[in-house]
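Student: Provide a 3D model corresponding to the input given below.
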Amino acid sequence: MQPVYLSIQQKATGERIRELLKKNGYTVKDIQKFMGFENPQAIYK
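Tutor: All right, here's what the predicted structure looks like:
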C-alpha cells in the first residue's frame with residue numbers, strides 16, 4: 001500500500017476559517033485557546 005499525501009489549500013482554508021469566525025462570533029483568541037496554540041500567529045498562517 002502506498003502512502004496518501006494530503007495537501008491543504010491554504011487560501012481556501014483561510015477564507016473558510018474567516019467566514020466561520022464571523023458567522024459564529026468567535027475570535028482568533030477563542031480558536032487559539034481551543035486548539036492549544038501558544039500564540040495566535042498559528043491561526044493567521
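Student: Which neighbouring elements make contact with the longest helix along the chain?
Tutor: Scanning the chain for the longest helix, with DSSP state H as the assignment, gives helix 10-24. Counting contacts by 3 or more Cβ pairs under 8 Å, 6 or more residues apart in numbering; DSSP states H and E, helix 10-24 is packed against helix 28-35. All C-beta atoms are positioned from the backbone trio N, CA, C, and that covers glycine.
Student: List the buried residues in the next helix or strand after the helix it packs on.
Tutor: Counting by DSSP states H and E, the next helix or strand C-terminal to helix 28-35 is helix 41-44. Neighbour-count burial for helix 41-44, with 16 or more other Cβ atoms under 10 Å as criterion, is recorded at residue 43.
Student: Mind exporting the C-alpha coordinates of helix 41-44 to CSV?
Tutor: Taking Å, rounded to 0.1, in the frame of the first residue of the first chain, the C-alpha atoms of helix 41-44 are listed here in CSV:
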residue,chain,number,x,y,z
GLN,A,41,0.1,33.6,14.7
ALA,A,42,-0.6,29.9,14.0
ILE,A,43,-4.2,30.7,13.3
TYR,A,44,-3.3,33.5,10.9
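Student: Give me the distance from the longest helix of the chain to the chain's centre.
Tutor: Taking Cα atoms, centre = their mean, to the nearest Å, one finds the center of helix 10-24 at 8 Å from the center of the full chain.
Student: Taking helix 28-35 as reference, get the angle to it.
Tutor: In terms of direction (axes from the mean of the first three to the mean of the last three Cα atoms, to 10 degrees), helix 10-24 departs from helix 28-35 by 100 degrees.
Student: C-alpha coordinates for helix 10-24, PDB please?
Tutor: The C-alpha coordinates for helix 10-24 follow below in PDB (Å, rounded to 0.1, in the frame of the first residue of the first chain):
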ATOM      1  CA  GLN A  10      -4.200  27.400   2.400                       C
ATOM      2  CA  LYS A  11      -6.100  30.300   0.800                       C
ATOM      3  CA  ALA A  12      -9.400  28.400   0.700                       C
ATOM      4  CA  THR A  13      -8.900  27.200   4.200                       C
ATOM      5  CA  GLY A  14      -8.200  30.700   5.500                       C
ATOM      6  CA  GLU A  15     -11.200  32.100   3.800                       C
ATOM      7  CA  ARG A  16     -13.400  29.400   5.300                       C
ATOM      8  CA  ILE A  17     -12.000  30.000   8.800                       C
ATOM      9  CA  ARG A  18     -12.700  33.700   8.400                       C
ATOM     10  CA  GLU A  19     -16.200  33.000   7.300                       C
ATOM     11  CA  LEU A  20     -16.900  30.700  10.200                       C
ATOM     12  CA  LEU A  21     -15.300  33.100  12.700                       C
ATOM     13  CA  LYS A  22     -17.600  35.900  11.600                       C
ATOM     14  CA  LYS A  23     -20.700  33.700  11.300                       C
ATOM     15  CA  ASN A  24     -20.300  32.200  14.800                       C
END
